[in-house]
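> sequence and predicted structure are below.
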Amino acid sequence: MKKVLLSAILLAGAATMFAQKTWNFSNTEKFPAQTISSTTIIDGLKIMATADATVAIDANAKKHGTYSFTQRLKLGGSGGFTAENRYMPTTRALVFQVTGPGTITVSCLSSSSSADRRLLLTNGTDSISSFSAPGVYSDPDGNNIPLETFNYTGGAATLYLYSVSSGVNIYLLDVSSAKDYEESPSSVKIQKSENSIAFNGSEIVNAKGLALQVFNASGKRIIASSATTISTTQLPKGVYIVREVGTSNTLKFVK
């Protein structure tokens with residue numbers, strides 16, 4: 001009996017670890033044609049966008065093997081990363097979570113027929129891989145869009161996919177170890193410190209304009225100093241410490 005139960009547990013664990021998620025942007029039920037102007041989660045996929053850096057889904061016919069795509073997701077430009085951290089996009093990025101090793105498959109093209117481009121895959125601090133986005137593509141099988149697969153060997157993580165230069169059109173993202181992206185609930189309990197620093201689930205609220213620094217769980221300073229409310233949308237999930245500069249006042253929060 002114990003042996004049977006153990007086998008069932010192992011099989012359940014394997015099914016969880018290698019759960020597969022396919023985001024085919026030709027699925028009009030889940031991805032209707034639209035312009036996305038703020039960060040949005042659709043079918044467990046987080047799409048980063050702003051009013052000044054929108055992401056669009058529109059009609060476009062392409063083919064690869066058994067796939068006959070009718071729509072694409074258009075990253076209208078680069079991921080808006082900074083010189084200090086080019087591996088953390090601020091907009092125009094796809095964000096998804098993996099539970100462990102698996103495969104990541106992407107089908108994409110450059111938005112320019114005269115310029116080849118690339119999509120970068122990162123964990124927010126390091127480059128993991130990249131996918132080619134050619135300006136023009138064809139092969140002997142009659143395909144007019146590539147399909148490229150990467151074997152991910154890392155652990156559970158939040159991963160970011162974005163263009164390193166200009167626009168790239170994505171038709172398919174398939175992740176064999178993915179789980180739905182979990183957004184903080186809107187009713188999240190606000191965490192506060194005695195010095196009026198608070199975390200509301202998406203921002204470090206700095207009502208008194210204090211000089212704040214932010215550290216990750218390893219003690220690495222990730223925000224040097226800020227006297228305003230700090231958005232945490234660009235931070236991966238984890239434990240963080242907020243410290244008022246020059247004092248021992250701190251706030252610990254979990255994102």
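Arrived safely.
> for this structure, which segments count as helices?
Along the chain, the segments classed as helices by DSSP state H run 2-17.
> for this protein, give me the ranges with low pLDDT.
Low-confidence segments of the chain (pLDDT under 70): 1-19, 182-195, 248.
> please list all residues in contact with the nearest residue to residue 181 once chain neighbours are set aside.
If you skip the residues right next to it in sequence, residue 181 has residue 46 as its closest partner in space, 4.4 Å away by CB to CB, 6 or more residues apart in numbering. To be clear about C-beta, it is placed using only N, CA and C from the backbone, and glycine gets the same treatment. Shown in contact with residue 46 (CB atoms under 8 Å, 6 or more residues apart in numbering): 39, 40, 94, 95, 96, 181, 183.
> go again using 10 Å as the cut-off
For residue 46, the contacting residues are 39-40, 93-97, 158, 160, 180-183, 233, taking CB atoms under 10 Å, 6 or more residues apart in numbering as the criterion.
> and which of those residues is nearest residue 120?
Nearest to residue 120 among the contacts of residue 46 is residue 160, at 8.0 Å by CB to CB.
> state the number of residues packed around the closest one.
Residues lying near residue 160 (other CB atoms under 10 Å) number 24.
> so residue 43 makes contact with residue 21?
Yes: judged on CB atoms under 10 Å, residue 43 makes contact with residue 21 at a distance of 8.2 Å.
> could you measure from the residue nearest to residue 56 when sequence neighbours are not counted over to residue 110?
Beyond its immediate neighbours in the sequence, the residue positioned closest to residue 56 (CB to CB, 6+ apart) is residue 74, lying 4.5 Å away. When CB to CB, to the nearest Å is the yardstick, residue 74 and residue 110 sit 11 Å from each other.
> list the beta-bridge partners for the residue nearest to residue 181.
For residue 46, the beta-bridge partners under DSSP bridges are residue 41, residue 95.
> any idea how far it lies from residue 164?
Here residue 46 is placed at a distance of 19 Å from residue 164 (CB to CB).
> now do the end-to-end distance for stretch 120-132.
Distance between the boundary residues of stretch 120-132 (CA to CA, to the nearest Å) amounts to 9 Å.
> which ones are touching the residue nearest the centre of the chain?
Closest to where the C-alpha atoms of the chain average out (CA atoms, centre = their mean) is residue 95, at 1.4 Å. By CB under 10 Å, 6+ apart, the residues touching residue 95 are 39, 41, 45-48, 89, 124, 158-162, 181, 233-234, 236.
> got it, and residue 205?
Remark: with contacts taken as CB under 10 Å, 6+ apart, residue 205 is in contact with 190, 192, 196, 197, 198, 199, 228, 229, 230, 251.
> from those residues, pick the one nearest residue 128.
The shortest distance between residue 128 and any of the contacts of residue 205, using CB to CB, involves residue 230 and amounts to 26.2 Å.
> so the closest one is in contact with residue 203, correct?
Yes: with contact taken as CB under 10 Å, residue 230 and residue 203 are classed as touching, separated by 6.5 Å.
> for stretch 122-135, the distance to its chain's centre please.
From the chain centre to the centre of stretch 122-135 is a distance of 12 Å (CA atoms, centre = their mean, to the nearest Å).
> which positions within that stretch qualify as buried?
By neighbour count with 16 or more other CB atoms under 10 Å, stretch 122-135 contains the buried residues 122, 123, 124, 128, 129, 130, 131, 133, 134.
> would you mind giving the domain segments of this structure?
The domain map for the chain lists 19-179, 191-254, with the assignment taken from automatic domain parsing.
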